[in-house]
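J.: coordinates only, no sequence provided:
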């Protein structure tokens, strides 16, 4: 049985920094729990603003680590944390569907 793909990629070439960061944040937030890493393709020939923003300004609870892709300065790897739904629900949290059809978790500690 083949191993399921655990990597996604997103290309942010040509975007403004803030637009690129928001697009990557949304992509990370919507990534399925089976995804272990996301490869961000930002390029390197036309300056370093996107690369620096992705590597140093990108924050999300799902992100475990951000690192340069070995041998390719035009890409950055985002390693994701696995969501642990069992521990979330053992603490009395609830799952609900929002008005856009996405599942969200209501955390009782907030």
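T.: Ah, there it is. Values in this document were obtained by computation on a predicted structure and should not be read as measured data. Numbers count the residues shown, from 1 in each chain.

J.: any stretches of the chain with poor pLDDT?
T.: Scanning the chain for pLDDT under 70 picks out 1-3, 83-110.

J.: longest strand of the protein, counting residues only.
T.: strand 72-80 (DSSP state E).

J.: what lines up beside that strand in the sheet?
T.: Sheet pairing for strand 72-80, assigned by DSSP bridges, gives strand 37-41 (antiparallel), strand 63-69 (antiparallel).

J.: buried residues, it. List them.
T.: Buried residues in strand 72-80, counted by 16 or more other Cβ atoms under 10 Å: 75-78, 80. In this view, the C-beta of every residue, glycine as well, is placed from N, C-alpha and C.

J.: kindly report the same for stretch 16-27.
T.: Judged by neighbour count using 16+ other Cβ under 10 Å, the buried positions of stretch 16-27 are 20-21, 24, 27.

J.: how far is it from where the chain is centred?
T.: 10 Å (Cα atoms, centre = their mean, to the nearest Å).

J.: hmm, who's touching it?
T.: Residues outside stretch 16-27 that contact it (Cβ atoms under 8 Å, 6 or more residues apart in numbering): 8, 10, 12, 15, 38, 40, 42, 49-50, 53-54, 57-58, 60, 78.

J.: nearest to residue 32, of those?
T.: For the contacts of stretch 16-27, the closest approach to residue 32 (Cβ to Cβ) belongs to residue 8, at 8.7 Å.

J.: would you mind measuring from the closest one to residue 48?
T.: Per Cβ to Cβ, to the nearest Å, residue 8 is found 23 Å from residue 48.

J.: quick one: which of those two has more around it?
T.: Applying other Cβ atoms under 10 Å to residue 8 and residue 48 shows that residue 8 carries more neighbours, namely 18 against 12.

J.: ok, the residue nearest to the more buried one when sequence neighbours are not counted - contacts?
T.: Once flanking residues are discounted, residue 8 sits nearest to residue 38: 5.0 Å by Cβ to Cβ, 6 or more residues apart in numbering. By Cβ under 8 Å, 6+ apart, the residues touching residue 38 are 7-10, 24, 27-28, 31, 77-78, 80.

J.: so which of those residues are in strands?
T.: 7-10, 77-78, 80.

J.: adding distance to residue 67, write the residues you listed out as JSON lines.
T.: What follows is the ones in strands among the contacts of residue 38, written out as JSON lines (distance: Cβ to Cβ, whole Å):
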{"residue": "7", "distance to residue 67": "14"}
{"residue": "8", "distance to residue 67": "16"}
{"residue": "9", "distance to residue 67": "15"}
{"residue": "10", "distance to residue 67": "16"}
{"residue": "77", "distance to residue 67": "5"}
{"residue": "78", "distance to residue 67": "8"}
{"residue": "80", "distance to residue 67": "12"}
